[in-house]
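Enquirer: sequence first, predicted model second:
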Amino acid sequence: MESHNAVNDLHLTVKELSNVYEELSLLYKLSDLFSTLNVNEICENLVNEAITTVGVKTAAVLFLNEKTGSLYTKTYRGDWDANRTIDGEVEVITGALENSKPIAFCKLEAVEHQDNLHGLQSVMLCPLAGKGKTLGLMILADKLSGDEFFSNDVKLLKVISTQAAMAIENAFLYQEIEELLLGTIKAFVKALETTTQWTAGHTERVTMYAQGIAAEMGLDEKQMERLRICSLLHDIGKIAIPRDILNKKGQLDSEEWKEIKKHPLVGVTILSGLKSFDDILDGIKYHHEYWDGTKGLFGLKGEAIPLMSRILAVADAFDAMTSDRPYRSKKNISETLNEIVELAGRQFDPGVVEAFQKWLNRQRPAFLL
Ligand SMILES: [Fe+2]
């Protein structure tokens with residue numbers, strides 16, 4: 001009898017150890033899956049991981065709309081309606097949210113007020129609980145094996161949801177900080193533009209043209225984002241140039257040009273203490289280089305000039321030529337484009353000019369003519 005108990009105990013210990021091992025491996029895997037700061041990616045990974053780990057037909061991530069208190073579908077896989085929203089009347093869900101605990105329901109038809117979960121046989125719910133507030137809910141339904149949910153399934157869902165909630169909260173926080181930073185940059189740039197007569201809106205337009213070129217050239221999301229910041233800040237160094245030079249009505253003399261030409265380097269100096277701008281400093285520094293290596297401020301040539309700078313050079317020149325200056329009137333779009341095309345291979349990167357031409361021709365009917 002004693003030896004039978006010992007075997008049983010050993011069996012239990014092995015099972016517990018195996019569960020702990022499974023949980024630890026899962027945690028290790030999740031730390032990698034949720035290491036991104038992209039909310040959509042985290043949710044996709046969450047749904048896929050939950051489906052594989054627990055072995056279910058359906059998984060959905062619902063986010064809480066703080067204003068209305070209802071839940072809307074963010075991501076899903078399986079037998080789920082993308083437009084499905086769930087309000088406070090669904091008791092099984094509000095119960096899980098209020099208690100901040102996962103719940104499993106078998107034979108869902110026996111539960112009242114479950115119209116929004118129509119078509120599902122058994123479900124398991126787990127709130128996505130951030131620090132101090134609920135972000136949403138994870139729903140898993142119907143195991144592939146046809147079994148009901150066991151306590152170990154609930155435990156796995158809890159582990160996955162907890163890690164995902166932390167990652168989603170971090171990503172939201174990152175987005176907030178990024179928006180704050182961008183808002184500050186825009187205010188900074190606007191302050192610069194309002195002190196000069198002719199640069200109003202220049203930065204915003206250059207940013208738009210640069211984004212158009214980048215999209216045409218197939219730059220990825222991350223590169224597009226960095227280019228956007230770089231475009232917004234490319235002329236920030238002009239803050240140190242005397243206003244009477246920036247606002248001069250006549251042609252600039254050579255001394256005044258010398259002052260103007262300092263602005264890329266001044267911009268770099270201003271931003272060099274800020275870690276978030278490390279990877280755009282070269283883009284700013286070299287935005288007045290010439291593709292053929294002549295006339296630039298630093299003598300860089302061809303692809304040695306950072307791509308961001310080559311894109312900015314075209315966007316910047318186009319906006320400068322199509323805007324009025326105190327000492328000359330603006331040119332029309334076709335004339336400017338022809339001039340830029342002629343300068344491809346000399347002042348500008350031919351690949352960038354080609355991309356700009358394509359983008360511009362598509363945009364012209366909409367807002368440029
Ligand atoms: Fe510039």
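Expert: Thanks, I have it.
Enquirer: run a quick neighbour tally on residue 57.
Expert: 16 (other CB atoms under 10 Å). (Glycine included, C-beta is placed from N, CA and C.)
Enquirer: does it touch residue 146 like I think?
Expert: No: using CB atoms under 8 Å, residue 57 makes no contact with residue 146, being 10.0 Å away.
Enquirer: can you give me the strands in the stretch 251-369 of the chain?
Expert: Assigned by DSSP state E, counting those that start in this stretch, the strands in the stretch 251-369 of the chain number zero.
Enquirer: any stretches of it with poor pLDDT?
Expert: Along the stretch 251-369 of the chain, segments meeting pLDDT under 70 span 325-328, 365-369.
Enquirer: change it to 80
Expert: 273-276, 324-331, 364-369 (pLDDT under 80).
Enquirer: what sits against the nearest residue in space to residue 332 that is not next to it in sequence?
Expert: Nearest residue to residue 332, sequence neighbours excluded (CB to CB, 6 or more residues apart in numbering): residue 322, at 7.6 Å. By CB atoms under 8 Å, 6 or more residues apart in numbering, residue 322 lies in contact with 330-333, 336.
Enquirer: quick one, phi psi at residue 299?
Expert: Dihedral pair for residue 299: phi 70, psi 20, per degrees, to the nearest 10.
Enquirer: what does residue 61 give?
Expert: As for residue 61, its main-chain torsions (degrees, to the nearest 10) stand at phi -110, psi 120.
Enquirer: can you check residue 103 too?
Expert: phi -140, psi 140.
Enquirer: okay, and the residue lying closest to it once chain neighbours are set aside sits in which element?
Expert: Closest residue in space to residue 103, ignoring its immediate chain neighbours: residue 96 at 4.7 Å, by CB to CB, 6+ apart. Counting by DSSP states H and E, the element that carries residue 96 is helix 91-99.
Enquirer: what residues sit buried inside that helix?
Expert: The neighbour-count check on helix 91-99 (16 or more other CB atoms under 10 Å) flags 92-94, 96-97 as buried.
Enquirer: any chance of CSV for these, columns distance to residue 152?
Expert: Below are these laid out as CSV (distance: CB to CB, whole Å):
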residue, distance to residue 152
92, 21
93, 22
94, 25
96, 18
97, 23
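Enquirer: closest one to residue 261 out of those, please.
Expert: residue 97 (60.5 Å; CB to CB).
Enquirer: domain ranges for the protein?
Expert: Domain assignment for the chain by automatic domain parsing gives 2-171, 195-368.
Enquirer: surely residue 47 meets residue 77?
Expert: Yes: the criterion here is CB under 8 Å, and residue 47 meets it with residue 77 at 5.1 Å.
Enquirer: intersection of neighbour lists for those two?
Expert: Residues within reach of residue 47 and of residue 77 at once, by CB under 8 Å, 6+ apart, are 59-60.
Enquirer: comparing those two, which residue is more hemmed in?
Expert: residue 47 (24 against 16).
Enquirer: follow-up on the earlier one: would you list the domains of the chain in TSV and tack on distance to residue 187?
Expert: Below are the domains of the chain laid out as TSV (distance: least, CB to CB, whole Å):
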stretch	distance to residue 187
domain 2-171	24
domain 195-368	11
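Enquirer: pull the number of nearby residues for residue 191.
Expert: Neighbours of residue 191 using other CB under 10 Å come to 10.
Enquirer: what does residue 227 give?
Expert: Considering only other CB under 10 Å, residue 227 is surrounded by 23 other residues.
Enquirer: so who does it touch?
Expert: Residues in contact with residue 227 (CB under 8 Å, 6+ apart) are 210-211, 214, 219, 283, 308, 311.
Enquirer: check which element follows the helix or strand hosting it along the chain.
Expert: Per DSSP H and E: residue 227 is located in helix 221-233. Heading C-terminal from helix 221-233, the first helix or strand you meet, by DSSP H and E, is helix 243-246.
Enquirer: can you give me the buried ones in that following helix?
Expert: 245-246.
Enquirer: how many other residues sit next to the nearest residue to residue 321 once chain neighbours are set aside?
Expert: Here the nearest residue to residue 321 in space, its sequence neighbours aside, is residue 336; by CB to CB, 6+ apart that works out to 4.4 Å. Using other CB under 10 Å, residue 336 is surrounded by 18 other residues.
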